[in-house]
Structures are given as C-alpha cells and as structure tokens.
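Engineer: Any chance you can model this:
(2 chains)
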2 protein chains.
Amino acid sequence: MSPTTTVPVVENILKANDHLARDNRDLLDSTDTVAVNFMASPGAGKTTVIVRTIKALKDRYRIAGVDGDIATTIDADRMAETGVHAVQINTGGACHLDAVMLQNALGQIDLEGTDLLIIENVGNLICPASFQLGVHLNVLIASVPEGDDKPYKYPTMYRGVQAIILNKTDILPYFDFDMDYFRRGVEALNPGLAFFPLSAKTGEGFDAWITWLTAQIEAF
Amino acid sequence: MSPTTTVPVVENILKANDHLARDNRDLLDSTDTVAVNFMASPGAGKTTVIVRTIKALKDRYRIAGVDGDIATTIDADRMAETGVHAVQINTGGACHLDAVMLQNALGQIDLEGTDLLIIENVGNLICPASFQLGVHLNVLIASVPEGDDKPYKYPTMYRGVQAIILNKTDILPYFDFDMDYFRRGVEALNPGLAFFPLSAKTGEGFDAWITWLTAQIEAF
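Structural biologist: Prediction:
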C-alpha cells in the first residue's frame, strides 16, 4: 500500500519579526559589522566549525559571538575560549533565535569594536529558517552522518542560505553517503550555491571555506 | 571574558493540544492499539530503526505507521516497503506533529485491525517534546555522531521519554563520544531510563530493544 498525504499546516507569524530584523541590519550596517548566522541540525558540528573559523580569522577581524541554545552555556563557553566576547541566549524552549533575541544580544556587544559577528543558532533544521535575524550571511552546516536525503526533507532551510558546509568529511568512508544525490538536492533548491565539504576536526577543506568567507566579508 | 545569559523565552500554547491528545489516547485504547512515538534529531536514523523494528515484530503484531515530515514521502515509503500501511503527514513547515495531525491520520487507519501503531515524528530535538500526541510510549533515538552533550542541551526532550536508543554504535570508534558523560546527563534528567545502545545498520544490540518493547506492548 502506498502512503497517503494529509494535513498541510502552515504558520504565518513572521511579519513583526521581519520588521525587527531590518532594524538589526540597520544597526549592524551603521557600525560596519558583518553578521553571519550559522544554522544546523543538533550535532552537525556548528561550534567546532565556528571555533575553527574564529581562530582562522581573529588576527584579521575583531570578532564577537552570539550563541543560541535552549539550555546551558556549553557552546558560548567554547567560543569564549578563543578569546572573543561571546553572548549566550538561552531560549528556554524556543526552537530558534528570532530578531528580538538578537536585538537584546546586540545591546550587550561593542559593535563599534566588532568587524565580524558570528551567530550560532539553535540546533534545528526547521524553525531557524523561518525567522530572519537581519544578518548579512546565512550558512547551513550539514554533516555526513545526517545522511544524503536532508535537502529533500528540509527544503526551506536549504533554500534560505548563501552557503552550505558539509562537515565531518573525515568519516565519509564509514557512511553510505551519496554525494551526487546530496548535491542534486541542493542544486534543485538553491542553484549554484557555494558548497564546502570539509572536516572541522582535521582541517581538510577548511581553507576554501575561509577564502570564500573572507571575500564575502570584504564585499560588504 | 565569560558569556552572559539573557532573554529566557517560554511558549505556552499547549492546553488545547493536550485535550485532543487525551481523545487520541481514548480512541487507541478503545481498539487495543498501542502507539509508540519516535523522536530524534534529523539523521539520527529514525526510519532505519523503525523499519528494523517493524521487521522484528510484524509476525507477532498487526502494525501500521504514521510518518511526519515537512516535505516528501521518503520515510513513509520506506515504512510501506515492509508491507505495513503507512500514512504520511506533511506538516508544510511545522516542526513537530501535534494531536490534531495525529487525529486526522488515525481516521485513515483501520485501528480495529492494528495492534501496534508506530509514529515517526518530525526530525527535531525540540518542538516534538512539547506536543503530546496521546501515545503510550515516547522513545528518543539519539545517535553517536550527534555528540555526547545532547542531554545537557536538549533537556526537555530527554526528560519526556520512556526509553532512549543510542543508534550508530557501529561507528563509535571514529568519534570522540564519551559514553559516561552522555549517561550521566541522561540519568540526571530521567533517572533509571531504559537505554539501548545499538546499531540499526548492523543489528548489534537490537535484540535487547525488541525484548523491552515487546514487554511494554504486552503490559498495556
């Protein structure tokens, strides 16, 4: 028997958020701060990618971080260990950052003294895609163990970003990950999207990502 | 500098859902159908665990399936390949199943002819934890590549389940996964919780899970 499709459900509570996101963007632009929002499933390696990115760029840019989690300061603590100022937002249950939360966090950061603001969103492939923050770049971190079908199953997230990192390539030999199938899914949703397969653990492939990110930052 | 904690946000829109969840439970009980809700992060291996579980139990029970995804019927199709009737719910963006969606799906299933209903929730470690469906058992599927810190970062999910499967143990040698740290986090949130480390790919550890699940089904 074949499955039956039922009950599409759509949420539409986003207009007020978009207005605040524009305010955030105006504030960031007024201080020449470029903001990058990293989104991913839980355990894709967001914090490891971010920490390695900060280390690669911190001699060139003055960096600050904002970290969104339901609970704990584990990730912001890891950001702070690199020497940057990291602000933790605990959403207390909400499955994404929104523009109000970021606005509050921006109030705790010396934006005039910040060239690059790195935002780590809540670990979730769904909700963060719907809530604009007012950033300059949205980056999705996928990972090999999640499987090659994720573009097909989470299309909104894959459509709304300017780059995809595919993390944990060092363990590709141990997974049935069909790279062509993954890439075809991405291309169908977001043609020509910048794509960086890499391992934040070993550093393999990381230089291409840093080169691209630096060019983007310089372009703003 | 140490991070600063700001902006707790709490949602409270759940009472109507809980009422409908009780209706679902009454309906399931009236037909002697035991329902199990599987929740997990994207890519934890929900469908692989479910397909293997169905194959292990389908000679003993009459099984039907409900699959929740934002888009596609990939997972329900995989369930249906085992020969069970599988109903796909496409949430169209919502990050969880809720009691209304399940109620609609139940209307498409011959519950009188179903002993065991297996529900695959939307891939998400946050939202599904807040929406009761009216099922008999909630099971969380964690996986080794997600990392050992997930109980600490997603406490609501870890608190609200009757069992945890830790999937993908076959690739433990390739990850820095501290099993004691993971278990301590689980125990702090949900003491004495049934715990099944296994590989749905190789079958390692699967018998213990099936034995436990069968005992639970028989107890209702």
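
Engineer: C-alpha from now on. contacts and neighbour counts both.
Structural biologist: Will do.

Engineer: which residues are contacting stretch A:189-196?
Structural biologist: A:151, A:155, A:158-159, A:162-166, A:186-187, A:205-206, A:208-209 (Cα atoms under 8 Å, 6 or more residues apart in numbering or on different chains).

Engineer: Out of the residues you listed, flag the one nearest to chain B.
Structural biologist: A:Pro155 (7.6 Å; Cα to the nearest Cα).

Engineer: and the most centrally placed residue in chain A, what element?
Structural biologist: Residue closest to the mean C-alpha point of chain A, counted by Cα atoms, centre = their mean, is A:Phe38 at 1.2 Å. For A:Phe38, the element it lies in under DSSP states H and E is strand A:34-40.

Engineer: near chain B at all, that strand?
Structural biologist: No. Using Cα under 8 Å from any Cα of the partner chain, strand A:34-40 never reaches chain B; the gap is at least 9.8 Å.

Engineer: and that strand, which strands flank it?
Structural biologist: Here strand A:34-40 is paired, per DSSP bridges, with strand A:116-120 (parallel), strand A:137-143 (parallel).

Engineer: Can you show me the helices along chain A?
Structural biologist: With helices called from DSSP state H, chain A shows them at A:15-30, A:46-57, A:74-80, A:99-106, A:150-153, A:155-159, A:179-189, A:206-219.

Engineer: Tabulate those helices (JSON lines), appending mean pLDDT.
Structural biologist: As requested, these are arranged in JSON lines below (pLDDT from 0 to 100):
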{"stretch": "helix A:15-30", "mean pLDDT": "93"}
{"stretch": "helix A:46-57", "mean pLDDT": "97"}
{"stretch": "helix A:74-80", "mean pLDDT": "93"}
{"stretch": "helix A:99-106", "mean pLDDT": "94"}
{"stretch": "helix A:150-153", "mean pLDDT": "95"}
{"stretch": "helix A:155-159", "mean pLDDT": "94"}
{"stretch": "helix A:179-189", "mean pLDDT": "97"}
{"stretch": "helix A:206-219", "mean pLDDT": "97"}
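
Engineer: Out of those helices, which is closest to B:Gly65?
Structural biologist: helix A:150-153 (18.3 Å; Cα to Cα).

Engineer: Check whether the closest one comes near chain B.
Structural biologist: Yes. Using Cα under 8 Å from any Cα, helix A:150-153 reaches chain B at A:Lys150, A:Tyr152, A:Lys153.

Engineer: Pick the one among these closest to chain B.
Structural biologist: When the residues of helix A:150-153 next to chain B are ranked by distance to chain B (Cα to the nearest Cα), A:Lys153 comes first, at 5.4 Å.

Engineer: Tell me the spacing between A:Val87 and A:Arg78.
Structural biologist: Per Cα to Cα, to the nearest Å, A:Val87 is found 11 Å from A:Arg78.

Engineer: Those two: which has the busier surroundings?
Structural biologist: Comparing A:Val87 with A:Arg78 by other Cα atoms under 10 Å in any protein chain shown, the one with more neighbours is A:Val87, at 28 against 18.

Engineer: now that one, which residues is it bridged with?
Structural biologist: According to DSSP bridges, beta-bridge pairing links A:Val87 with A:Val66, B:Thr4.

Engineer: isn't it right next to A:Ala76, touching?
Structural biologist: Yes. Assessed by Cα atoms under 8 Å, A:Val87 is found in contact with A:Ala76 at 6.6 Å.

Engineer: on that earlier part again, now the strands paired with strand A:34-40 as a markdown table including mean pLDDT and mean neighbour count?
Structural biologist: Below are the strands paired with strand A:34-40 laid out as a markdown table (pLDDT from 0 to 100; neighbours: other Cα atoms under 10 Å in any protein chain shown):
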| stretch | mean pLDDT | mean neighbour count |
| --- | --- | --- |
| strand A:116-120 | 98 | 24 |
| strand A:137-143 | 98 | 23 |
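
Engineer: hang on, A:Val66 packs against A:Ile109?
Structural biologist: No. In this structure A:Val66 lies outside contact range of A:Ile109 using Cα under 8 Å: 9.2 Å.

Engineer: Are there residues contacting both of these two? Which ones?
Structural biologist: A:Val87.

Engineer: still on that earlier bit, hang on, isn't the residue nearest to the centre of chain A packed against A:Ala142?
Structural biologist: No. A:Phe38 is beyond contact range of A:Ala142, at 10.5 Å (criterion: Cα under 8 Å).

Engineer: quick one: contacts for the residue nearest to A:Phe220 when sequence neighbours are not counted?
Structural biologist: Setting aside the residues directly before and after it, A:Phe220 is nearest to A:Val34 in space (Cα to Cα, 6 or more residues apart in numbering or on different chains), at 7.2 Å. When contacts are counted by Cα under 8 Å, 6+ apart, A:Val34 is found next to A:Leu28, A:Asp115, A:Leu116, A:Leu117, A:Val135, A:His136, A:Ile217, A:Phe220.

Engineer: for these, which one is nearest A:Pro173?
Structural biologist: Minimum distance to A:Pro173 across the contacts of A:Val34 is 33.8 Å, recorded for A:Ile217 (Cα to Cα).

Engineer: neighbours of the closest one, just the number please.
Structural biologist: 17.

Engineer: Could you list everything the closest residue in space to it that isn't next to it in sequence pairs with in the sheet?
Structural biologist: The shortest distance from A:Ile217 to any non-neighbouring residue, by Cα to Cα, 6+ apart, is to A:Val34 (6.5 Å). Counting by DSSP bridges, A:Val34 forms beta bridges with A:Leu116.

Engineer: Looks like A:Asp178 contacts A:Glu146 (just checking).
Structural biologist: No. At 11.7 Å, A:Asp178 does not count as touching A:Glu146 under the criterion of Cα under 8 Å.

Engineer: Who has more neighbours out of the two?
Structural biologist: Neighbours were counted for A:Asp178 and for A:Glu146 using other Cα under 10 Å; A:Glu146 has more, 22 against 13.

Engineer: then stretch A:107-117 to PDB, C-alphas only?
Structural biologist: Only the C-alpha atoms of stretch A:107-117 are listed here, as PDB (Å, rounded to 0.1, in the frame of the first residue of the first chain):
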ATOM      1  CA  GLY A 107      22.800  45.500  23.100                       C
ATOM      2  CA  GLN A 108      25.500  43.600  25.100                       C
ATOM      3  CA  ILE A 109      28.200  43.800  22.400                       C
ATOM      4  CA  ASP A 110      30.500  46.600  21.500                       C
ATOM      5  CA  LEU A 111      29.500  46.800  17.800                       C
ATOM      6  CA  GLU A 112      31.800  49.700  17.100                       C
ATOM      7  CA  GLY A 113      34.700  47.500  18.100                       C
ATOM      8  CA  THR A 114      33.400  44.500  16.100                       C
ATOM      9  CA  ASP A 115      34.100  43.700  12.500                       C
ATOM     10  CA  LEU A 116      32.600  40.200  12.400                       C
ATOM     11  CA  LEU A 117      29.700  38.900  14.400                       C
END
